[in-house]
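In: sequence and predicted structure are below.
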Amino acid sequence: MSRIGNKPISVPAGVDVSIAEGNVVTVKGPKGTLTKEMHKDMIITCEGSVVKVARPSEDKLHKSLHGLTRSLINNMVEGVTNGFSKTLEIEGVGYRAAKQGKNLVMNLGFSHQVIMSEIDGITIDVPSPNKIVINGIDKQMVGQYASEVREKRPPEPYKGKGIRYEGERIIRKEGKAGKGK
């Protein structure tokens, strides 16, 4: 029995959830609109301000899709209500980020600047030279974009230099031992 899948999703005021044919769920809220096609076998019902997800049988596939479908719809509701954000920290001498127009310009120890532009649905904020905040309403897009930014210079284990998520712990390694005397 899926504990997550059985939880009802409460829809706050100002958010409209509609389920079209083919299990296409559209969620409209103050921050925007999200549309996602869910698996055709899942049973999604919207009764007033509560959305419920049920499964048609006890098959392994249906059991695994039950909690997933409920989580995806809940993230859509939360996204159009509050939005999602990921914070990245830059560590290293001379490593910094700045925002120029809609571009994120980063100096990461390369001979060139690394430039990434904002994509639809994602906004980038640079409150300080060593902090990047990525905001959006789609949780998957925010996480994917944050991952792509981090990929430009992942943290290395010896000095800890690079781009990391806020609160991420880097397991440090000891350097090479000197030749013995």
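Out: Received it, and whenever you're ready, just let me know what you need.

In: helices or strands up against the longest helix seen in the chain?
Out: Secondary structure assigned by DSSP state H gives helix 60-81 as the longest helix of the chain. Packed against helix 60-81 by the contact rule (3 or more CB pairs under 8 Å, 6 or more residues apart in numbering; DSSP states H and E) you find helix 3-6, strand 9-10, strand 24-29, strand 32-37, strand 50-54, helix 139-151. (C-beta placed from N, C-alpha, C; glycine too.)

In: and the angle for that helix with strand 24-29?
Out: Calculated by axes from the mean of the first three to the mean of the last three CA atoms, to 10 degrees, helix 60-81 forms an angle of 20 degrees with strand 24-29.

In: each with direction, which strands does whatever helix or strand comes next after helix 60-81 pair with?
Out: Later in the chain than helix 60-81, the nearest helix or strand by DSSP states H and E is strand 84-91. In the sheet, strand 84-91 lines up against strand 131-136 (antiparallel), strand 162-165 (antiparallel) (DSSP bridges).

In: who's in contact with strand 84-91?
Out: Outside strand 84-91, the residues that touch it by CB atoms under 8 Å, 6 or more residues apart in numbering are 78, 96-97, 106, 108, 129-139, 142-143, 146, 149-150, 155, 160-166.

In: and it, how far out from the chain middle?
Out: 11 Å (CA atoms, centre = their mean, to the nearest Å).

In: export only the CA atoms of that strand, formatted as CSV.
Out: Extracted C-alpha coordinates of strand 84-91, given in CSV (Å, rounded to 0.1, in the frame of the first residue of the first chain):
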residue,chain,number,x,y,z
PHE,A,84,11.0,26.4,-6.2
SER,A,85,14.6,27.6,-5.8
LYS,A,86,18.1,26.1,-5.6
THR,A,87,21.0,28.0,-4.2
LEU,A,88,24.6,27.3,-5.4
GLU,A,89,27.8,28.4,-3.7
ILE,A,90,31.0,29.1,-5.6
GLU,A,91,34.3,28.5,-3.7
